[in-house]
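Trainee: Let me see the structure of the following:
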Amino acid sequence: MNNPLLDKLPVGICLVNQAYEITYLNAFFIDRMPPDTADAAIGKPLAEVFPEQIRFLKRRLKSVFVLKHPSFSYWEQRPHIFPFKSSRPITDEETQMVQNMEIVPHKDQASGELFGCILIQDVTAQASYFKAQAALADELKAEHEAQRKLIRKLDRAQSQLIQAEKLASTGQLAAGIAHEINNPMGFITANLNTLEQYGRNLLEACHDCEQLIAAKAPDCLDDVTALFAARHLELVEEDIEPLIQESKDGLERVKDIVSTLRTFAQEPQHAWGHLNLNETVEQLIKLVSTQFKHARFKATCTPDNLRWYCESASIKQALTNLVINAAQSITDTGLVLIDIKHADSAIVIKIVDTGCGINESDLPRIFEPFFSTRAEGKGQGLGLSVVYSVIERHKGKLRVNSRPGKGTVMEVYLPQLQDNDTQQKTTSTASNAQTESL
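Mentor: As a prediction, the model looks like this:
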C-alpha cells in the first residue's frame, strides 16, 4: 500500500495485523530504521524487526485488538519506544528521539480485517523545553528557599523546644493510624476472598452451561461460544485469579507494615525497661526500607534476641535517626549495616553506610543543634543532636568515623545500667562524642 500523503506526514505510521506482522510503514518510519532492516520489514513479524520492543508493543496491541479502543503511551512514561534519532531544528545535532505513541484499531473496509495502527510522534523538542522549564522552576524554588532561610532558622529553634513532645505524640498517632488501617483491611481481605470464590463459581457455571448446551442443544453451541468470545470470557478467566492474588499480596504487605509500625510505636515515652534489640532493628529495617528502596539493609545481633535495659522509646528514636541518616547519605545504591554486640557489661551498636561520607571540617559540628550538611529545606539539623542527648542520658559514648566518598561508621557504646542509675540525672561529662576520619 503506497500513499504519498501518508509519506509526507511528520508522524510515524506502522500497520500491524492480528498475527503481529508488519503490513505497512510510511516514510517517517522507514527513514529512521537501519537500511537493511527497513527494506525487508514489510511482511515480517514485529518481534523480528523490533525484538527489544516486542513485549511492550504486543501487550498494547493485544489490548487494542481485544477492546477495540486506542492505547496511549506518553514520553513521560516511556520516552524512547523505538530506537529512532531526532535532529535539532537549528543545530542539526542528533539525539535519541523522545516519542509519544498511540495505537488505534483500524478495520479494512474491503476485507473486514482488523489492524493495529501504531502512530509515533516526535516530541523531542517539546520534551527538552519541558525539562528546561522544570529545571528553571527548580532554580526559582531554590532561590525562594534561600530567601526564607532566616525564617526557617527561627522555625527550627521552635522545633527543638517541642521535639520531645513531638516524639511522644507521633508515636501515639502512628499507633492510632495503624489501628484504624487494620479495620478496613479486615473487610477488604474478606471481600476479596468472597469475590475470588464468586469468580470461580461464575466461570465454572459458564463452562457447565457450555457443556450442557453441547449435550442438550448442540444447535445453539456456536451462538453460546460466540457470546462468550464477545464478552472476552477467556481473557477474564486468564486475568481474574492473578488480579485477585496480586491484591491479596498487596494487602499482606500493608498488614505487615502496619503490624511493624504498631509494635515499633507502642513504647511509652520516658519509660525504662528491657528492650529486645534484635526485634527492634528488624522492625526498623522493615519501616525504613519502604522509604529508601535504593539502599540495602542488613542487621546482625550477637547474641540473638538481646534484651537491654534502657529508655526504650528514646533508644528506638536514636536508632531510627542514625539509620535514616545513613540511608539518606546513599544517593544511588549502597548498603546500610547495623551490627549489635554484647560484651563486658556493655553493648556496641555500629551503623555502617557506603554513602557520601562527611567532610573532615564538618565532623566536629555534626552533633550541634541545627547544623546540617544537607541542602536547605532537606533537614532541620536536629537528628544527630537528639541522638547525642539520648546517648548522654544512657551514660554512653558515640564515635563517628567517616571519609568523603567512602562512607560513615557510627559507633554507639552503652554501658549496663541498673534501676538506681536511671533515677539520677546524668551530667554532660558522663558521656562524650568523638569524631574521626577513616
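Trainee: Hmm, residue 357 and residue 407 touching each other?
Mentor: Yes. Counting by Cβ atoms under 8 Å, residue 407 does reach residue 357; the two are 5.8 Å apart. The way it works is simple: take the backbone N, C-alpha and C, and place the C-beta from them, glycine included.
Trainee: Can you pull the residues that touch both of those two?
Mentor: Common contacts of residue 407 and residue 357, defined by Cβ atoms under 8 Å, 6 or more residues apart in numbering, comprise residue 329.
Trainee: Looking at these two, which is more packed in?
Mentor: Just comparing residue 407 and residue 357: by other Cβ atoms under 10 Å the higher neighbour count belongs to residue 407, 23 against 20.
Trainee: so that one bridges to which residues?
Mentor: The residues listed as beta-bridge partners of residue 407 by DSSP bridges are residue 403.
Trainee: who touches it in this structure?
Mentor: By Cβ under 8 Å, 6+ apart, residue 407 lies in contact with 329, 334, 352, 353, 354, 355, 357, 438.
Trainee: How much space separates it from residue 353?
Mentor: Look at residue 407 and residue 353: by Cβ to Cβ, to the nearest Å, they are 5 Å apart.
Trainee: just for the stretch 201-350 of the chain, where's the confidence low?
Mentor: The model of the stretch 201-350 of the chain has pLDDT under 70 over residues 257, 259-270.
Trainee: can we see that at 90?
Mentor: Residues of the stretch 201-350 of the chain that meet the criterion pLDDT under 90 lie in 201-275, 279-280, 283-294, 303-305, 310-321, 324-325, 328-329, 331-333, 343-345.
Trainee: quick one, strands of it?
Mentor: Remark: strands of the stretch 201-350 of the chain, listed N- to C-terminal, are 272-276, 295-302, 307-311, 334-343, 346-353; assignment by DSSP state E, counting those that start in this stretch.
Trainee: As a markdown table, those strands with mean neighbour count would be great.
Mentor: Formatted as a markdown table, the strands of the stretch 201-350 of the chain follow (neighbours: other Cβ atoms under 10 Å):
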| stretch | mean neighbour count |
| --- | --- |
| strand 272-276 | 15 |
| strand 295-302 | 16 |
| strand 307-311 | 20 |
| strand 334-343 | 18 |
| strand 346-353 | 20 |
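Trainee: what pairs with the closest residue to residue 281 other than its chain neighbours across the strands?
Mentor: Spatially, and ignoring its direct neighbours in sequence, residue 281 is nearest to residue 299 (4.6 Å; Cβ to Cβ, 6 or more residues apart in numbering). Per DSSP bridges, residues listed as beta-bridge partners of residue 299: residue 338.
Trainee: sorry, back to before: give the residues shared as contacts by residue 407 and residue 353.
Mentor: Overlap between the neighbourhoods of residue 407 and residue 353 consists of 329, 334, taking contacts as Cβ under 8 Å, 6+ apart.
Trainee: Show me the contact partners of stretch 288-302.
Mentor: The set of residues external to stretch 288-302 that reach it, using Cβ under 8 Å, 6+ apart, is 257, 277-278, 281-282, 285, 320, 323-324, 327-328, 330, 332-342.
Trainee: Can you check the pLDDT for residue 62?
Mentor: Among the per-residue scores, residue 62 shows a pLDDT of 91.
Trainee: Confirm it sits in a strand?
Mentor: No. The assignment for residue 62 (DSSP: H, G, I helix; E, B strand; the rest coil) gives helix, which keeps it out of a strand.
Trainee: burial count for it?
Mentor: Taking other Cβ under 10 Å as the neighbour definition, residue 62 ends up with a count of 15.
Trainee: got it, and residue 217?
Mentor: By the criterion of other Cβ under 10 Å, residue 217 has 11 neighbours.
Trainee: Same check on residue 412?
Mentor: 22.
Trainee: what do you get for residue 102?
Mentor: For residue 102, the tally of surrounding residues (other Cβ under 10 Å) stands at 17.
Trainee: how about it, phi and psi?
Mentor: According to degrees, to the nearest 10, the main-chain angles of residue 102 amount to phi -130, psi 130.
Trainee: quick one, what contacts it?
Mentor: 70, 71, 72, 73, 118, 119, 121.
Trainee: Repeat that for residue 118.
Mentor: In this structure, residue 118 makes contact with 12, 13, 14, 15, 16, 57, 61, 101, 102, 103, judged by Cβ under 8 Å, 6+ apart.
Trainee: Which of the helices or strands spans it?
Mentor: Counting by DSSP states H and E, the element that carries residue 118 is strand 114-122.
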